[in-house]
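A.B. asks: Whatever this is, show me its structure:
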Amino acid sequence: MPKFLLKRWHGLHIVWIFVLLTVLIFILLLYQWVIGVIALMVCGVLAYFTLKAEQAFRKDLNHYVATLSHRIKRAGTDVIHELPLGILLYNEEKVIEWHNPFVAKMFGKDSLIGEQLLELFPALKSRKEKELKLEMEVGKCLYMVQLRTEERLLYFTDITEFRQLANRFEEGRLAIGIVMMDNLDEATQGMDDQTRSIMMARVTGEITEWAQKNHVYLRRTASDRYLILMDQKGLKALEQSRFEILDEVRDLTIEHKLPLTLSIGIGSGSDSLTEVGQLAQTSLDMALGRGGDQAAVKIGERLSFYGGRSNAVEKRTRVRARVISHALRDLIKECDKVIIMGHRYPDMDAIGAAIGVLKAVHVSNKEGYIVLEGVNPSIQKLMDMIYEDEKLNRWFITPEQAMQITNQRTLAVVVDTHKASMVAEPKLLQLTQRKFIVDHHRRGEEFIQDATLVYMEPYASSTCELVTELLQYFNDRLTMGVLEATALLAGIVVDTKSFSLATGARTFEAASFLRRNGADSSLVSRLLKEELSSYIQKSEVIKNAVVIYDHIALAVTEPNHKYSQLLIAQVADTLLTMTGIMASFVISERPDGLIGISARSLGQMNVQVVMERMGGGGHLTNAATQIEGTISEATQKLKQILSEMHAEEGLFE
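C.D. replies: Numbers count the residues shown, from 1 in each chain. The predicted structure follows:
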């Protein structure tokens, strides 16, 4: 404790002593005045020395305060100059008025006073008004800048080492992948052992070389499956190369009648190894559900696709169709009723598939209903025939009626879509735990969860084709009515453009089965006849078409001219029949105010990828989207995406 404080402590006690002495002296003067006078003199002497001590205390206190202020001022100056933090003051004209040495060292100069702030720190020009923190690069270092606009003050913190450490951490995070030969059985069917072994050795060598070149750990887990491990740096390199192994393996086996293709699923973005492994499996399922021959990468919430430039390979064996058919039969028997629904405003494929599933339900002696919300103009003629058919019409209900009869024991069958947001009534899926999905579209990121049974085959021409195959194995004594069989055949005809696109051997076999069961091809022709007014509208849109990238037809309608999504799709189909056209895009405003885009291709270009980048989806040769905005904005965005794809890997195979 400082001496002056000790003196102060003693002084306080002396004051109290003087008070007590004064009282005693007063008493002595009353009774013993001699002793009182002596005591008074002694008290005076003590008062004198006390006053001297107080003066000494004041002097010591002033000296201590003066010394402390100097030390604090000197320490503050040293801290500002030596602090590992930049401090800068500027005036209203954005001219630097003062800064500490840290800021000068950032630029390797002695002083920055008098220089323009925005010239030294151009990043400040683009900052938002309410943005008070931003990262800024000066030289080879990265700084976090804090702004105090009211005081016209900037603080600079060097975060270079922190960012480097964070980057090393991110680059070192584990990514798990699964590589699968998605059509091994189909590609090697009919090969002798020697030819199969030679092909497998070449493919395995190609995959191994690819893994070594990209620093990927590769481990074979089955005859057609590999496990791969890599860090984020390696994964980024694979994404930049757009998984060239897909094309290399396909080209390596192109000499065979059916080339071998790969599907790759990669998961990352989580600290849990279990979750990363689940993401990898989910990604692989996504790649396979989209037809294979592509890579799906899921990093947290981000899902990216690479490849997918070839059509899904048609499976030659019907084992899966038979197994799914028997499983569906068991599901129907276990439930009390079946609710069938497609996407909102169903097309011919959706309504035909729903009628086919309804037939399977009735053969099983169960109640089945088709949920219908709104009628697509393309199926109006078919619906008119259904309304006239009392046996079939009674099984069509509205979403409201379906909500009243659905319970936990109800089986919900979704046809021609796998997205919950697109079905006629999404709430129905929440009322039951039993769901069956049958679809021919390539799988998208959104998918109905907890489905009991899934039958998705992107190689199929239509959902009607898949349902027809299920009916063939459902019951040996199954017989169909003319309207039922015709509806299924019409769905196949529409989606294959009269058997000219996406048509395989199994498509004709399904059509043959329907023909044997009463399908009327002449009735199909009448159902698909086009109105003259519709043909004239199509011609008005086609006259605006232009050819870009030599083989792409782009038709953009005039502003304030609204056309239905059906007509937009028909125009895209028509443009595809023109000489030299491999893909077509039609952009138009719809009656609901949205901008509709329909995309078609002959298979050399994956229009699904294009539409996915615009928020839509579909199939490799048939895709669409609906977006908000204007015609010009949609056109500009589409052209930009096509330009990026052309620069990345080309638009056509």
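
A.B. asks: Surely residue 232 and residue 172 touch.
C.D. replies: Yes. Counting by CB atoms under 8 Å, residue 232 does reach residue 172; the two are 7.1 Å apart. C-beta: built from backbone N, CA, C; applies to glycine.

A.B. asks: ok, the two, which is more surrounded?
C.D. replies: residue 232 (18 against 10; other CB atoms under 10 Å).

A.B. asks: List the contacts of that one.
C.D. replies: The neighbourhood of residue 232, defined by CB atoms under 8 Å, 6 or more residues apart in numbering, consists of 170-173, 175, 268.

A.B. asks: Of the residues you listed, which is the most crowded?
C.D. replies: residue 175 (25 neighbours).

A.B. asks: Report the buried residues of the helix or strand that residue falls within.
C.D. replies: Taking DSSP states H and E as the definition, residue 175 sits inside strand 174-181. Neighbour counts over strand 174-181 (16 or more other CB atoms under 10 Å) mark 174-181 as buried.

A.B. asks: Any chance of TSV for those, columns pLDDT and distance to residue 631?
C.D. replies: Below are the buried residues of strand 174-181 laid out as TSV (pLDDT from 0 to 100; distance: CB to CB, whole Å):
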residue	pLDDT	distance to residue 631
174	92	46
175	94	41
176	95	44
177	95	41
178	95	43
179	95	43
180	93	42
181	90	45
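
A.B. asks: nearest to residue 227, of these?
C.D. replies: residue 178 (6.3 Å; CB to CB).

A.B. asks: Look up how far residue 109 lies from the closest one.
C.D. replies: 56 Å (CB to CB, to the nearest Å).

A.B. asks: same question, residue 325
C.D. replies: 80 Å.

A.B. asks: And the two? Which one has more around it.
C.D. replies: Using other CB under 10 Å, the more surrounded residue of residue 325 and residue 109 is residue 325, with 20 against 11.

A.B. asks: what sits against the more buried one?
C.D. replies: 469-474.

A.B. asks: From residue 466, how far off is the closest residue to it other than its chain neighbours?
C.D. replies: Among residues not flanking residue 325 along the chain, residue 473 sits closest, at 3.9 Å (CB to CB, 6 or more residues apart in numbering). Remark: distance between residue 473 and residue 466 (CB to CB) = 12 Å.

A.B. asks: Show me which of those two is the more surrounded one.
C.D. replies: residue 466 (26 against 17).

A.B. asks: Which strands and helices lie in contact with the strand or helix carrying the more buried one?
C.D. replies: According to DSSP H and E, residue 466 maps onto helix 463-474. Secondary-structure packing of helix 463-474 (3 or more CB pairs under 8 Å, 6 or more residues apart in numbering; DSSP states H and E): helix 319-334, helix 348-363, strand 434-439, helix 482-495, helix 505-516.

A.B. asks: Compile these into TSV and extend it with columns for distance to residue 638 and mean pLDDT.
C.D. replies: Below are the helices and strands packed on helix 463-474 laid out as TSV (distance: least, CB to CB, whole Å; pLDDT from 0 to 100):
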stretch	distance to residue 638	mean pLDDT
helix 319-334	37	88
helix 348-363	26	94
strand 434-439	26	93
helix 482-495	24	93
helix 505-516	31	92
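
A.B. asks: I'd like those written out as TSV, with distance to residue 397 added.
C.D. replies: As requested, these are exported to TSV (distance: least, CB to CB, whole Å):
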stretch	distance to residue 397
helix 319-334	18
helix 348-363	12
strand 434-439	18
helix 482-495	18
helix 505-516	26
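
A.B. asks: Of all the ones you listed, which one is nearest residue 223?
C.D. replies: helix 319-334 (17.9 Å).

A.B. asks: pLDDT at residue 377, what is it?
C.D. replies: For residue 377, the pLDDT comes out at 78.

A.B. asks: so what's it up against?
C.D. replies: 564, 566.

A.B. asks: how near is it to residue 392?
C.D. replies: 20 Å.

A.B. asks: for residue 155, same thing?
C.D. replies: 76 Å.

A.B. asks: and if you look at residue 566?
C.D. replies: Counting by CB to CB - residue 566 and residue 392 are separated by 23 Å.

A.B. asks: cool, residue 491 as well?
C.D. replies: 15 Å.

A.B. asks: These two - which one has more neighbours?
C.D. replies: Between residue 491 and residue 392, counted using other CB under 10 Å, residue 491 has the larger neighbour count: 34 against 19.

A.B. asks: Check whether residue 135 sits in a helix, strand or coil.
C.D. replies: At residue 135 the chain is in strand, as set by DSSP: H, G, I helix; E, B strand; the rest coil.

A.B. asks: burial of it, as a residue count?
C.D. replies: The burial count for residue 135: 11, using other CB under 10 Å.

A.B. asks: That one contacts residue 145, correct?
C.D. replies: Yes. Under the criterion of CB under 8 Å, residue 135 makes contact with residue 145 at 7.4 Å.

A.B. asks: quick one: what helix or strand has residue 106 in it?
C.D. replies: helix 101-107.

A.B. asks: what comes up buried for that helix?
C.D. replies: 102-104, 106.

A.B. asks: what about the helices in the stretch 101-250 of the chain?
C.D. replies: 101-107, 117-120, 160-171, 184-188, 193-213, 232-240, 245-252 (DSSP state H, counting those that start in this stretch).

A.B. asks: Could you dump these into JSON lines and include distance to residue 547?
C.D. replies: Below are those laid out as JSON lines (distance: least, CB to CB, whole Å):
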{"stretch": "helix 101-107", "distance to residue 547": "54"}
{"stretch": "helix 117-120", "distance to residue 547": "47"}
{"stretch": "helix 160-171", "distance to residue 547": "45"}
{"stretch": "helix 184-188", "distance to residue 547": "36"}
{"stretch": "helix 193-213", "distance to residue 547": "38"}
{"stretch": "helix 232-240", "distance to residue 547": "32"}
{"stretch": "helix 245-252", "distance to residue 547": "27"}
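
A.B. asks: picking that back up, who wins for neighbours among the contacts of residue 325?
C.D. replies: residue 471 (25 neighbours).

A.B. asks: Can you check the pLDDT for it?
C.D. replies: At residue 471, pLDDT is 93.

A.B. asks: Wait, it touches residue 355, no?
C.D. replies: No. Applying CB under 8 Å, one finds residue 471 not in contact with residue 355, separated by 10.7 Å.

A.B. asks: Closest to residue 163 out of the buried residues of helix 101-107?
C.D. replies: residue 106 (15.9 Å).

A.B. asks: Distance check, that closest one against residue 553.
C.D. replies: Residue 106 is 56 Å from residue 553, by CB to CB.

A.B. asks: and what of residue 430?
C.D. replies: In terms of CB to CB, residue 430 sits 43 Å off from residue 553.

A.B. asks: ok, now residue 410?
C.D. replies: For residue 410, the distance to residue 553 - CB to CB - is 46 Å.

A.B. asks: cool, and residue 630?
C.D. replies: Noted for residue 630: a distance of 21 Å to residue 553, by CB to CB.

A.B. asks: out of those two, which sits in the more crowded spot?
C.D. replies: residue 553 (23 against 11).
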